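*Asks:* sequence plus predicted model, see below.
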Amino acid sequence: MGQPTETAGPDPSARREQDVERDRAVVARALDGHLTAAYQPIVDLGRRRVVGYEALLRYRGDHAIPAPVFAPARLLASAERIGQTVELEEAALREALRARDELPCDTSLFVNISVSALVDQRVTDLLRAQGALDGLVFELHHRDTESLKDLGASIAALRDRGAAVAIADSTMQPETLELLLRLGPRYFKIDQRLIAGVSGSRSKLAVVDSLRHLGEALDMSVVAQGIEHLADLNSLDRLGIAFGQGFLIARPAALGDHPTGLSLLEAKPTMADAGRQELAVIVEPVCELTESELDTPLLPGVDIEFEVIVSELREPLALLRRRDHRVANVALTIVSESHSARQAIKIALGRHPDARFEPMVCVDQFGACTGVVRVDRLIDLLLTSTSSGHAVTAAGPKGHSPRRGYHSRRH
């Protein structure tokens with residue numbers, strides 16, 4: 001019996017050449033008038049209004065090449081492999097800027113760009129032709145730091161013409177911190193990987209809150225990206241995150257296809273929308289402070305009735321009432337957002353007669369403070385729920401002074 005014939009495997013160099021040719025064909029077709037942009041709203045989570053739109057790269061399909069090849073991440077990867085990243089970014093930026101004149105009043109246009117592209121002469125020429133850059137926010141995604149030395153001058157020139165800067169990075173590598181310290185951006189965008197499931201993760205809550213504190217220290221507004229669930233939106237709102245975007249609020253679309261008012265933003269989320277229990281709709285904002293902040297004076301003009309002393313994990317330790325610059329301790333009673341109105345009433349009436357109508361501190365599923373519940377509002381809620389025969393759907397209080405969440409009395 002003869003020896004089996006060996007079959008030669010595919011030539012690795014030939015396969016690499018085929019991959020390169022495919023990347024060139026894909027990028028060339030995208031640059032040949034097939035790029036467009038979709039726009040996703042960025043909203044003020046406290047005021048529930050649209051403040052800007054992020055322009056996102058899209059391919060205008062023609063069925064000549066399978067659509068998945070032109071997914072933004074794959075398209076950018078193809079351009080990077082053949083050294084045409086800047087050409088693709090310049091073309092995408094040119095397309096995104098077409099919407100400047102269509103932006104609703106008092107909104108900004110966020111455009112994605114890498115550090116390398118921003119300092120490239122082709123991009124510089126494109127932006128010079130735009131004249132004033134008011135309302136533009138350059139969202140930097142950096143993969144290298146070779147041009148970081150020259151970036152400061154470029155950013156200063158853009159700011160002089162009215163533009164702002166956002167840093168988008170979830171890794172928090174030393175290069176990111178260097179960018180934050182060197183550039184002093186107006187916005188810092190938190191990646192979806194940290195935002196998804198934040199309502200059910202103590203570790204994510206802690207990280208996001210740390211980034212909010214970093215933003216405050218560096219005078220940056222924090223933007224949460226990739227919000228897809230109402231529970232996460234509520235948690236971010238309580239944390240005091242300023243801005244957010246994601247499929248829950250609106251999917252990317254042509255600028256003209258977005259309604260002038262997004263229904264989710266017209267009021268606070270209702271209990272029925274959120275699938276939450278009854279107490280969630282009547283929890284009021286409260287000022288939180290740690291024991292080390294007890295002696296910190298209030299800012300002039302700040303009007304606060306109740307304060308909650310919390311632990312590092314935001315677990316309530318004491319409830320204080322402030323009247324005429326005097327502080328009194330209030331008996332601490334804790335209820336959970338998972339309690340029904342009837343259960344909370346029973347807890348309130350089970351207290352000492354002198355304390356039955358004092359507010360109660362509400363906590364979430366992790367034991368973190370979410371605000372206070374007043375007994376009179378609790379009674380109204382119970383009566384309304386009983387008379388209607390179904391769950392209450394009225395929105396909670398609209399006050400935001402201070403906003404619910406991780407805010408010290410100095411905020």
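*Replies:* Yep, that arrived.

*Asks:* could you pick out the longest helix of this protein?
*Replies:* helix 12-31 (DSSP state H).

*Asks:* give me the helices and strands touching that helix, please.
*Replies:* When contacts are defined as 3 or more Cβ pairs under 8 Å, 6 or more residues apart in numbering; DSSP states H and E, helix 12-31 sits against helix 72-81, helix 85-96. From N, CA and C alone the C-beta is placed, and that goes for glycine too.

*Asks:* which of those has the highest mean neighbour count?
*Replies:* Highest mean neighbour count of the helices and strands packed on helix 12-31: helix 85-96, a mean of 21 (counted as mean count of other Cβ atoms under 10 Å).

*Asks:* export that one as PDB, just CAs?
*Replies:* Once non-C-alpha atoms are left out, helix 85-96 reads as follows in PDB (Å, rounded to 0.1, in the frame of the first residue of the first chain):
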ATOM      1  CA  THR A  85      -8.300  55.500   8.700                       C
ATOM      2  CA  VAL A  86      -7.900  59.200   8.200                       C
ATOM      3  CA  GLU A  87      -9.500  59.100   4.800                       C
ATOM      4  CA  LEU A  88     -12.500  57.300   6.100                       C
ATOM      5  CA  GLU A  89     -12.800  59.600   9.200                       C
ATOM      6  CA  GLU A  90     -12.500  62.700   7.000                       C
ATOM      7  CA  ALA A  91     -15.300  61.400   4.700                       C
ATOM      8  CA  ALA A  92     -17.500  60.500   7.700                       C
ATOM      9  CA  LEU A  93     -16.900  63.900   9.300                       C
ATOM     10  CA  ARG A  94     -17.700  65.700   6.000                       C
ATOM     11  CA  GLU A  95     -21.000  63.800   5.800                       C
ATOM     12  CA  ALA A  96     -21.900  64.400   9.500                       C
END
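
*Asks:* and the angle from it to helix 72-81?
*Replies:* With axes from the mean of the first three to the mean of the last three Cα atoms, to 10 degrees applied, the angle from helix 85-96 to helix 72-81 works out at 140 degrees.

*Asks:* now the angle from helix 85-96 to helix 12-31?
*Replies:* Using the same axes, to 10 degrees: helix 85-96 against helix 12-31 is 20 degrees.

*Asks:* and what about the closest residue to residue 202 other than its chain neighbours, helix, strand or coil?
*Replies:* Nearest residue to residue 202, sequence neighbours excluded (Cβ to Cβ, 6 or more residues apart in numbering): residue 366, at 5.5 Å. Classification of residue 366 using DSSP: H, G, I helix; E, B strand; the rest coil returns coil.

*Asks:* just checking, next helix/strand downstream of the least confident helix or strand in the chain by mean pLDDT?
*Replies:* Ranked by mean pLDDT, DSSP states H and E, the weakest helix or strand in the chain is helix 271-274, scoring a mean of 36. Helices and strands here follow DSSP states H and E; after helix 271-274, the next one along the chain is strand 287-289.

*Asks:* tell me which residues of the longest helix of the chain are tucked away?
*Replies:* Neighbour-count burial for helix 12-31 flags 23, 26-27, 29-31 (criterion: 16 or more other Cβ atoms under 10 Å).

*Asks:* average model confidence for the following helix or strand past it?
*Replies:* As assigned by DSSP H and E, the chain's next helix or strand after helix 12-31 is strand 35-44. On average, the pLDDT along strand 35-44 is 89.

*Asks:* so residue 362 touches residue 368, yeah?
*Replies:* No. With contact defined as Cβ atoms under 8 Å, residue 362 does not count as touching residue 368 (10.0 Å).
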